[in-house]
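>>> Pasted the sequence and its predicted model underneath.
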Amino acid sequence: MAQTTVVGYPLTPDLLKELDLLQGFPPTPNDFDPEGTWTNTYRIMTCHGYRESGNDDRGYLKLTRTPTGETFQLTVDQKIVNREAALHLYHAEITCLNTPCASPTAWTLSCRFVGPDGRPRTELDLDETGQTDGDTVQILTNGIERTCEGQITGDWCLFEAVQRLPFKPTDPIVFDLLEGLSTLKPDHRLSYRGLDAGLHQFYQIGHGVFPYEYWLDEGHRLLMVATGARTYILDEDAESRTAVEEESGKSKYAQLKQSPQ
């Protein structure tokens, strides 16, 4: 029987290096400006709890920030490769304020699914628009309207926001979280924790999600995010890694289809 050793610790950059799941981060350009134009691409990896197996790349998250005066545009592209190369594709365009939590004022979101046979699963499509005046949030999802109240932000927006925050203890930033821009998770708090193994760390807690931990370098570039068993790792090869996973899944699906029942 193959040996299985429980990881037993929260996922941190040092632990991932110890498990040979992280070989370092790409260097931050000298002219990197968190308030300027940039693109960060993250490899999405999940850990099933064991050191020897079950630690898989599942896709990528690509964020592009474009300043537009008092606001900025955040473009989100995410691809998740599920079992046998079934794909879950996200695209979002978010207009955000330059607030500490990158408060969105308006957005569009589309979710698409593609089966392992390459055919779109249109019955699962999701199209959403949202807008807020700072107090009331209006969301229209596949023609169904709903409203909520409060100071909201999105999980993707926070990947941008932490890069603009000071590296010093302050009062926690308080907000309600729209996970995936769709599911409201109330009463969240984000605060600076200090240096951890040479990286600056922010910590987020709130209802309905695992805690989020964010690690940034001295240039204020976000290098890694961990929440539960899922990590987002800044990686210039994230998209090509995902393509490899996708082709591997397609191959396994084809073999399964050819196997006698």
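On my side now, so go ahead.

>>> Show me the shaky parts of this protein.
Low-confidence segments of the chain, defined by pLDDT under 70: 1-2, 259-261.

>>> List the contacts of the one helix or strand L61 maps to.
Assigned by DSSP states H and E, L61 falls within strand 55-67. With Cβ atoms under 8 Å, 6 or more residues apart in numbering as the test, strand 55-67 has contacts from 19, 21, 35-48, 72-82, 88, 156, 159-160, 232, 235, 238-239, 241-242, 245. C-beta: built from backbone N, CA, C; applies to glycine.

>>> Now which of the residues you listed would you call buried?
By neighbour count, with 16 or more other Cβ atoms under 10 Å, the contacts of strand 55-67 hold 21, 38, 40-47, 72, 74, 76, 78-81, 88, 156, 159-160, 232, 235, 238, 241-242, 245 as buried.

>>> Now, these that are in strands?
Among those, DSSP state E puts 38, 40-47, 72, 74, 76, 78-81, 88, 232 in strands.

>>> Helices of this structure, residue ranges please.
13-18, 155-161, 238-258 (DSSP state H).

>>> Most tightly packed of the ones you listed?
Comparing the helices of the chain by mean neighbour count (mean count of other Cβ atoms under 10 Å), helix 155-161 ranks first with a mean of 24.

>>> Check which helices and strands that one sits against.
Helix 155-161 sits against strand 55-67, strand 71-81, strand 87-97, strand 173-179, strand 212-216, with contacts defined as 3 or more Cβ pairs under 8 Å, 6 or more residues apart in numbering; DSSP states H and E.

>>> thinking H188 is in contact with G206, fair?
Yes: between H188 and G206 there is a contact at 3.0 Å, judged by Cβ atoms under 8 Å.

>>> And those two? Which one has more around it.
In terms of neighbours (other Cβ atoms under 10 Å), H188 is the more surrounded of H188 and G206; the figures are 24 against 18.
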